[in-house]
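In: take a look and give me a structure for this.
(one chain, ligands or ions: 2)
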Amino acid sequence: MQELQLESTLGAMGEENQQRSIPVIDLSDFSQRKAEITEQLWLAATDCGFFQLTNHGIDVTRIEQAFSDAEGFFALAPEIKQQMPLRPGTNAGWESMAQVRPSTGTADQKESYQITRPRMTNLWPSQSLPSFEADMLAFEASCWRLGIQVLSCFADKLGFDADFFANAHQPDQQSYQSTLRLLHYYATQGDVAVDENNWRAGAHTDFDCLTLLFQRTGQHGLQVCPGKEAASNQWTPVVPQTGMVTCNIGDMLMRWSDDQLKSTLHRVRMPKAGEYQGPRYSIAFFCQANQDVVIQGPGHKYPAISAADYLQQRIEANFAGNSNA
Ligand SMILES: O=C(O)CCC(=O)C(=O)O
Ligand SMILES: [Fe+2]
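Out: Numbering: from 1, shown residues only. Ligands and ions are numbered 1, 2, ... in the order given. As a prediction, this is how the structure comes out:
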């Protein structure tokens, strides 16, 4: 697949480019300002493929709570986390150092726990963390609402009904496959090589329609390389700020928009000597259309394919691990 050829050329470090900026889009008064917001989102998503949202309706205290829940989960003993293993192909459960990217060939220096609503049987830490499940499902629902709001703007521009993507990502169905992923990148010692073999997350594009990413102030490392400039191998840092939501377009929406919306390469680099060496936590929500939904762009550039088959192709081609991004 075209996406993979691009990824496999991008293991090298490249250079940092501070010149580009990631657009920041204010969602306040969404219903009154929808047309204006839609233009801003479309511009950002057709150009850079990455943007950050403010006044998006998810309260910062709610985000902080989700991070403290995530810290609580990752602090559980390995024997407990091992009872909730990531099941191949499901995007549900816990893994550590299991994700190998084609861009690097080495495992990401992280652990993750993924929540995909219909697939969570026996995967909740109910005994150790009694309120975790309810908290996380409520947070997932807030992410869904925000993701669908942004997608409704893209639907307007693509000539689909405003509720087209809401219908394509129905949470109450067995075929639902949007995923909330908690991420914990391990603390480093300051003497770790920052080279092309060592990444918190190797360069990749996401498989989904739209990713919402929560980062914490001070926990740097995310870098972006816009598609049209991929050959430059120049990477722009995305400044982390608790409360902002960083968004990126994934491969599924790129295909669904006949390549108008851009799925953008990104990665998380290791801290350099002198930088913060502590753990890095982030939370990602991947909007992925329900399995039975048929993906086809307005101009029919690509053949119709179900969301299940599309993801399967992407996962099989990508790596032995099982994940959506
Ligand atoms: O942790 C981050 O900042 C990025 C995570 C990411 O890109 C992913 O999980 O797909
Ligand atoms: Fe990603």
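In: and Gly278, what does it touch?
Out: For Gly278, the contacting residues are Ala187, Gln219, by C-beta atoms under 8 Å, 6 or more residues apart in numbering. All C-beta spots, glycine's among them, are computed from the backbone N, C-alpha and C.
In: next, His56: phi, psi?
Out: phi -90, psi 0 (degrees, to the nearest 10).
In: do Gln114 as well
Out: Torsion angles at Gln114 (phi, psi; degrees, to the nearest 10) stand at phi -110, psi 140.
In: quick one: check whichever helix or strand Ala201 is part of for contact with ligand 1.
Out: Using DSSP states H and E, Ala201 maps to strand 199-204. Yes. Interface with ligand 1: strand 199-204 contributes Ala201 (C-beta under 6 Å from any ligand atom).
In: partners of that strand, with directions?
Out: Each strand paired with strand 199-204, and its direction, by DSSP bridges: strand 265-269 (antiparallel).
In: quick one: buried residues of the helix or strand that the strand it pairs with is followed by?
Out: The C-terminal neighbour of strand 265-269 among helices and strands, as given by DSSP H and E, is strand 280-287. When burial is assessed from 16 or more other C-beta atoms under 10 Å, strand 280-287 yields the following buried residues: Arg280, Tyr281, Ser282, Ile283, Ala284, Phe285, Phe286, Cys287.
In: and these as JSON lines, adding distance to Glu16 and pLDDT?
Out: Putting those into JSON lines (distance: C-beta to C-beta, whole Å; pLDDT from 0 to 100) gives the following:
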{"residue": "Arg280", "distance to Glu16": "18", "pLDDT": "95"}
{"residue": "Tyr281", "distance to Glu16": "23", "pLDDT": "97"}
{"residue": "Ser282", "distance to Glu16": "20", "pLDDT": "97"}
{"residue": "Ile283", "distance to Glu16": "25", "pLDDT": "98"}
{"residue": "Ala284", "distance to Glu16": "23", "pLDDT": "98"}
{"residue": "Phe285", "distance to Glu16": "27", "pLDDT": "98"}
{"residue": "Phe286", "distance to Glu16": "27", "pLDDT": "98"}
{"residue": "Cys287", "distance to Glu16": "29", "pLDDT": "98"}
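In: can you dump the C-alpha atoms of the strand holding Ala201 in PDB for me?
Out: Extracted in PDB, the C-alpha atoms of strand 199-204 (Å, rounded to 0.1, in the frame of the first residue of the first chain):
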ATOM      1  CA  TRP A 199      11.500   5.800  19.400                       C
ATOM      2  CA  ARG A 200       8.700   6.300  21.900                       C
ATOM      3  CA  ALA A 201       6.500   5.900  18.800                       C
ATOM      4  CA  GLY A 202       8.000   5.300  15.400                       C
ATOM      5  CA  ALA A 203       6.800   7.300  12.400                       C
ATOM      6  CA  HIS A 204       3.400   6.300  11.100                       C
END
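In: tell me what the helix or strand just after that strand is packed against?
Out: As assigned by DSSP H and E, the chain's next helix or strand after strand 199-204 is strand 210-214. Under the contact criterion of 3 or more C-beta pairs under 8 Å, 6 or more residues apart in numbering; DSSP states H and E, strand 210-214 touches helix 60-74, helix 132-158, strand 245-249, strand 280-287.
In: tell me the mean pLDDT for the longest one?
Out: Just to be clear, that refers to helix 132-158. Helix 132-158 shows a mean pLDDT of 98.
In: likewise the first one?
Out: Confidence over helix 60-74, taken as the mean pLDDT, stands at 97.
In: name the surrounding residues that touch that helix.
Out: By C-beta under 8 Å, 6+ apart, helix 60-74 touches 81, 111, 113, 125, 129, 132, 135-136, 139, 142, 182-184, 214, 216, 242-243, 281, 283.
In: give me the buried entries from those.
Out: Buried among the contacts of helix 60-74 (16+ other C-beta under 10 Å): 81, 111, 113, 125, 129, 132, 135-136, 139, 142, 182-184, 214, 216, 243, 281, 283.
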